[in-house]
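Enquirer: give me coordinates for this.
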Amino acid sequence: MSVAFASGLLLAWLVTAAPGVSPSESSPSASTVPVRAVGEEVNAGTFEQPRLAGEPAFKGAVFLDLTEQGNVFYTAVFDSQPDQADPAFPDTPRSTEFWTYAGQHSGLGPDLKSFDEPTRVGALHMGLIDNKKAC
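Expert: The predicted structure follows:
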């Protein structure tokens, strides 16, 4: 018997043998919604992992604004200050003194940008050539 297999058996026994705790309470797969504080860093601030409202900003950090009209990407033009709330995202997709509009698509994988969106080095775009999709 391998050490990894034996360790797995021991861990399974410990989880199921916990006194006074039902299996759903001790199960690591129990569904819980993580609670995070405003200002807590969760995402990297890149197009691969954009930050959300409430996460601290730094110049160049990518944020995703989840609006009723769809996703909107912005890059921050400021650094967060601990004692001040960050400026709100614009009401409509556009650049302001605090946010640079970066489009509605990340330009990564299946989320290709159209050619009328703002771009950046490395962004993938999709368009039509002879009525066929081209990347």
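
Enquirer: so what pLDDT did Arg36 get?
Expert: The model reports Arg36 with a pLDDT of 51.

Enquirer: I meant Ser24, not that one.
Expert: 45.

Enquirer: one more: Gly127?
Expert: 81.

Enquirer: ok, now which ones touch it?
Expert: Ser114, Phe115, Lys133, Ala134 (CB atoms under 8 Å, 6 or more residues apart in numbering). Placement of C-beta: from N, CA and C, glycine included.

Enquirer: and it, how far is that from Asp91?
Expert: Counting by CB to CB, to the nearest Å, the gap from Gly127 to Asp91 is 29 Å.

Enquirer: where does the chain have low pLDDT?
Expert: 1-39, 135 (pLDDT under 70).

Enquirer: all helices for it, in order.
Expert: Listed in chain order, the helices of the chain (DSSP state H) span 3-16, 23-26.

Enquirer: please, where are all the strands along the chain?
Expert: 62-67, 70-76, 99-103, 127-129, 132-134 (DSSP state E).

Enquirer: quick one: buried residues of the first one?
Expert: Think strand 62-67. Val62, Phe63, Leu64, Asp65 (16 or more other CB atoms under 10 Å).
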